[in-house]
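>>> Predicted model, plus sequence, below.
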Amino acid sequence: WFYTVLSWPISILLKITIPQPRRMGKCPAGCMTALSCFMSIVWLGFITYFVVEIAQDVFVDLGFGAEFLGLSVLAVGSSLPDCLSSIIVARQGRIDMAVSNALGSNIFDFLWCIGFPFMVQALMAEEPVFVPIGDSFLYLLISCFVSAGLTIFIISVGCMRATPWHGVVLVVAYVAFIVVYVLM
């Protein structure tokens, strides 16, 4: 009951602004489906902007930096849908699709989600983007290589078979990564 009342204004806004192609009849080349997808992306961007702003204010008030916000709330929030997708396909027995989803998502994050903003900022400023290299940046960079190596090692040792222990090792490695970063 509480959730229904709380989500009612948002539900109304989404129903008004996002067309529902199944209820709207046919149009040439699926234009309603394309418009629905576009409006969903617009709303996702709008909501994400405010979640990031609110989370940043909360983290600053708690004494944490923006880097930790990116490592925790934003990283988990953006990766949770990928995780759930991987769980769904893994339960269907398509482990290769689950692994490909995780790897593909991270490759996309590294190449597109870092490269595109750098490109836009460099084009707007008409000069190269400065990336400050401190201890935390080096720790993150080394952690990326170590986590990739650990994942490859675990998959190789398991002869391409994943056991619960392999998952435990990876989850413990992530928790250790966050703990070490907080202690730095």
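Cool, the structure landed.

>>> Distance check, the most centrally placed residue in the chain against residue 157.
The chain has residue 78 as the residue nearest its centroid, 2.1 Å off, counting by C-alpha atoms, centre = their mean. Using C-beta to C-beta, to the nearest Å, residue 78 is found at 29 Å from residue 157. Where you see a C-beta, it was placed from the backbone N, CA and C, and this is true even at glycine.

>>> Using CSV, write down the CA coordinates of the least confident helix or strand in the chain by mean pLDDT.
The weakest-scoring helix or strand in the chain, judged by mean pLDDT, DSSP states H and E, is helix 66-69 (a mean of 75). What follows is helix 66-69, C-alpha atoms only, in CSV (Å, rounded to 0.1, in the frame of the first residue of the first chain):
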residue,chain,number,x,y,z
ALA,A,66,33.6,11.2,-5.1
GLU,A,67,35.9,8.3,-6.0
PHE,A,68,34.5,6.1,-3.3
LEU,A,69,31.0,7.0,-4.5
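
>>> for the helix or strand that comes right after that helix, what is the average pLDDT?
Following helix 66-69 in sequence order, the next helix or strand is helix 75-91 (DSSP states H and E). Here helix 75-91 scores 84 as its mean pLDDT.

>>> Buried residues of helix 75-91, list them for me.
82, 86, 89, 90 (16 or more other C-beta atoms under 10 Å).

>>> same check, this time on stretch 63-71
Buried, per 16+ other C-beta under 10 Å, within stretch 63-71: 64, 68, 69, 70, 71.

>>> mind checking pLDDT for the first one?
Per-residue confidence for residue 64 comes out at a pLDDT of 78.

>>> now swap in the last one and tell me
pLDDT recorded at residue 71 is 76.

>>> Next one: it from residue 143, what distance?
10 Å.

>>> Same check on the third one?
Counting by C-beta to C-beta, the separation of residue 69 from residue 143 is 17 Å.

>>> Which pLDDT value goes with residue 102?
The model's pLDDT for residue 102 equals 82.

>>> tell me the contacts of it?
By C-beta atoms under 8 Å, 6 or more residues apart in numbering, the residues touching residue 102 are 82, 83, 86.

>>> Alright, that wraps it up for me.
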